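Chemist: what's the 3D shape of this:
(one chain, ligands or ions: 1)
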Amino acid sequence: MVGFQMLSIAILIELISALSVLSSHAQSYAITHVSVIPMDRERILADQTVLIQDGIISWLGPAAKATIPKESVLVDGAGKYVLPGLMDMHMHFFYEQGLDKKFLRDEASLMLSKGITTTRIMCGDPEYLKLKEQINNLLIPGPELFVVSPQLVGKWTFSIKLFGNVADTPSEGASLVKRFKEEGYDEIKLTFYLKPEVYDAIIATAAELNIKVTGHVGPAIKLSRALAARQQIEHLDEFIETLLPDTTYNHGISVSGTGIWQKNTAWKTIPFMDESRIPMLVKQVRKAGIFVTPTNYFLITCFAKGQTDEEIKTSPDYAYIPSFLKADREKGRNRFWQNPPPESDRKRYIDLRFKMTKALYDGGIKLMAGSDGPEWYLAQGFSLHNELEMFVRAGLSPFAALETATINPARYLGIDKRTGTIQVGKEADLLLLERNPLEDIRNTTAIKGIFNEKVWYDEKTVKRMEEAAKVIGLQ
Ligand SMILES: [Zn+2]
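Modeler: Numbers count the residues shown, from 1 in each chain. Now for the predicted structure:
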């Protein structure tokens, strides 16, 4: 056992500051004279005070009418905007890509430092369930985690190590669903190469056990089967293929999923896409009643728009890409970009993704922001703000874009009774901004403070967390 006298001064100081964070949990807070964007509908409540007691919004109203408990910690909200904490509905950890598990806490605090108070982790691992527990118990700072299961994949002809479990028969599929439900995962995650009969067994077992199924739709499954199963579909997988006038243009390789790499086959279908078929697609998706996570920023930036070396190296994400992954990233990028699809096709791909996104929104389908960070040169956190911008570029209002990262995910996750909007009685998952995000969506990056899990992180602390997480990039 290590005696107290053995501890260095530095560790003692750390210990004391950690304890002061813990003791601050029970404190009450008052954010004064702030503009509130409650996100229940498009409105701004000017000059409000928000009282927080033990992590719950206990009072909200005109600042002039507020009775602030005298022990409250005051947060000056004058000239600032408060909105619900953001939710990134499609994220991963660098851990999957080989980063040591001791950095999971840094990854979590990076997410939080960018205003993400809730996130859905799209590839399961027991380590994430442990991390979730630690965050829930206020042992480390981070967003509330919803963790999908380890990935279910079909048998593939190539001997490549996939981060997942092979389900080659219906009974294998069914027993994996049972196991992952028992282990405490929130949803079942599917990737590629599942046979239709295995897929059906997974869907049936998941329905029995009342657990959602989410992920990719491979070309063997097809959109119609996934929609009939009410699977939650990521990346608009297989959506774009429905725009082909007939299947003769598509030789079984779609530009969705891993097909995005197929420049000589999948990409060649793009000129034949018929956008007059979008309304039919929207109708089918609406009938299925699913939510949709387009992950437009990731796919457009990495495969259609592209980034120059300069853009990559000056992006804030870059400092967080572990050194040991950089060569690999570069190889992948070169593989695609040394001989990219024609610019006209890439522009059309972007245009169609935006048009589908806008049409889905107009058709009443609930969209959700998901960044897919840390793919390619995206780190966690930063890319969610980029994804919000994509919704606005697709034609949504900034308010509608913010819905995709607040109330919509809260409804999807079934936590809208306790978070997702700013309302008395709800959890104080809050983001304080310097500028109005309804005027310009990019203002979501102007973070002045974050409230999460009973703890207030002021601007200095937020910056410190963001800086400290750069240790990830040094690995
Ligand atoms: Zn993903």
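Chemist: And whichever residue of the stretch 51-200 of the chain sits closest to the ion, how far from S35?
Modeler: Residue nearest to the ion within the stretch 51-200 of the chain (Cβ to the ion): M122, separated by 4.4 Å. Just so you know, the C-beta spots here come from the backbone N, C-alpha and C atoms, and that holds for glycine as well. The gap separating M122 from S35 is 34 Å, by Cβ to Cβ, to the nearest Å.
Chemist: returning to what we had before: the residue of the stretch 51-200 of the chain closest to the ion is in contact with F93, isn't it?
Modeler: No - M122 lies out of contact with F93 (Cβ atoms under 8 Å); the separation is 9.9 Å.
Chemist: quick revisit: neighbour count for M122 and S35, which is higher?
Modeler: M122 (26 against 19; other Cβ atoms under 10 Å).
Chemist: Might you report the residue contacts of the closest residue to that one other than its chain neighbours?
Modeler: Once flanking residues are discounted, M122 sits nearest to H90: 5.2 Å by Cβ to Cβ, 6 or more residues apart in numbering. By Cβ atoms under 8 Å, 6 or more residues apart in numbering, the contact set of H90 is 120, 122, 234, 293, 295, 370-372.
Chemist: what about H90, is that helix, strand or coil?
Modeler: Of the three states, H90 takes strand under DSSP: H, G, I helix; E, B strand; the rest coil.
Chemist: Can you read off the pLDDT for it?
Modeler: Listed pLDDT for H90 reads 98.
Chemist: Please report how far it lies from I56.
Modeler: Applying Cβ to Cβ, the value for H90 to I56 is 28 Å.
Chemist: got it, and K366?
Modeler: According to Cβ to Cβ, K366 stands 26 Å off from I56.
Chemist: Tell me how many other residues surround N210.
Modeler: 7.
Chemist: Going forward, the N-terminal residue is numbered 537.
Modeler: All right, first residue 537 from here; so that's N746.
Chemist: so who does I724 touch?
Modeler: 684-685, 688, 713, 716-717, 738, 742, 747-750.
Chemist: switch to 7 Å and redo it
Modeler: 684-685, 688, 713, 716, 738, 742, 747, 749 (Cβ atoms under 7 Å, 6 or more residues apart in numbering).
Chemist: CA atoms of the helix or strand harbouring it as CSV?
Modeler: In this structure, I724 sits in strand 723-726 according to DSSP states H and E. C-alpha atoms of strand 723-726 as CSV (Å, rounded to 0.1, in the frame of the first residue of the first chain):
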residue,chain,number,x,y,z
GLU,A,723,-28.4,-2.2,-29.9
ILE,A,724,-27.3,-4.9,-32.3
LYS,A,725,-24.9,-3.7,-35.0
LEU,A,726,-24.7,-5.2,-38.5
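Chemist: Wondering if that strand reaches the ion at all.
Modeler: No - Strand 723-726 lies apart from the ion when judged by Cβ under 5 Å from the ion; the minimum separation is 9.0 Å.
Chemist: That strand: what's the following helix or strand?
Modeler: Next along from strand 723-726, by DSSP H and E: helix 732-745.
Chemist: Residue numbers of the chain in contact with the ion?
Modeler: Residues of the chain lying near the ion (Cβ under 5 Å from the ion): 658, 908.
Chemist: just the helices in the stretch 687-836 of the chain please.
Modeler: 706-719, 732-745, 758-764, 814-824, 832-836 (DSSP state H, counting those that start in this stretch).
Chemist: quick revisit: now, the contacts of H626 that are in strands?
Modeler: Taking DSSP state E, the ones among these that sit in strands are 656, 770, 829.
Chemist: With neighbour count and pLDDT as new columns, can the residues you listed be given to me in JSON lines?
Modeler: Listed next are the ones in strands among the contacts of H626 as JSON lines, based on neighbours: other Cβ atoms under 10 Å; pLDDT from 0 to 100:
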{"residue": "R656", "neighbour count": "26", "pLDDT": "98"}
{"residue": "E770", "neighbour count": "25", "pLDDT": "94"}
{"residue": "T829", "neighbour count": "28", "pLDDT": "97"}
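Chemist: which of those lies closest to A644?
Modeler: R656 (13.7 Å; Cβ to Cβ).
Chemist: For that closest one, which residues count as its bridge partners?
Modeler: In this entry, R656 is beta-bridged to F682, by DSSP bridges.
Chemist: Listing request: residues of the stretch 537-686 of the chain with sub-threshold pLDDT.
Modeler: Residue ranges of the stretch 537-686 of the chain with pLDDT under 70: 537-562.
Chemist: Can you show me the CA trace of the helix or strand where W992 lies as CSV?
Modeler: Using DSSP H and E, W992 falls within strand 991-994. Provided in CSV are the C-alpha atoms of strand 991-994 (Å, rounded to 0.1, in the frame of the first residue of the first chain):
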residue,chain,number,x,y,z
VAL,A,991,-20.6,19.0,-13.3
TRP,A,992,-20.0,22.4,-14.8
TYR,A,993,-17.0,22.7,-17.0
ASP,A,994,-16.1,26.3,-17.6
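Chemist: And the residue of the stretch 787-936 of the chain closest to the ion?
Modeler: For the stretch 787-936 of the chain, Cβ to the ion, closest residue to the ion: D908, 4.5 Å.
Chemist: can you count the residues close to that residue?
Modeler: 26.
Chemist: Quickly list what the residue sitting nearest the centre point of the chain is bridged to.
Modeler: Nearest residue to the geometric centre of the chain (Cα atoms, centre = their mean): D624, 2.5 Å. Beta-bridge pairing of D624 under DSSP bridges involves T655.
Chemist: residues contacting it?
Modeler: Counting by Cβ under 7 Å, 6+ apart, D624 has contacts 652, 655, 905-907, 920.
Chemist: Relative to A937, which of these is nearest.
Modeler: Closest to A937, out of all of those and judged by Cβ to Cβ, is A905, at 7.6 Å.
Chemist: surely the closest one meets T940?
Modeler: Yes - between A905 and T940 there is a contact under Cβ atoms under 7 Å: 4.3 Å.
Chemist: Could you report the neighbour count for the residue lying closest to I747 once chain neighbours are set aside?
Modeler: Leaving aside its chain neighbours, I747 sits nearest to K717 (5.0 Å; criterion: Cβ to Cβ, 6+ apart). For K717, the number of neighbouring residues by other Cβ under 10 Å comes to 19.
Chemist: Figure out how far the helix or strand following the strand holding W992 is from the centre of its chain.
Modeler: The first helix or strand that comes after strand 991-994 along the chain, using DSSP H and E, is helix 995-1004. A distance of 21 Å separates the centroid of the chain from that of helix 995-1004, by Cα atoms, centre = their mean, to the nearest Å.
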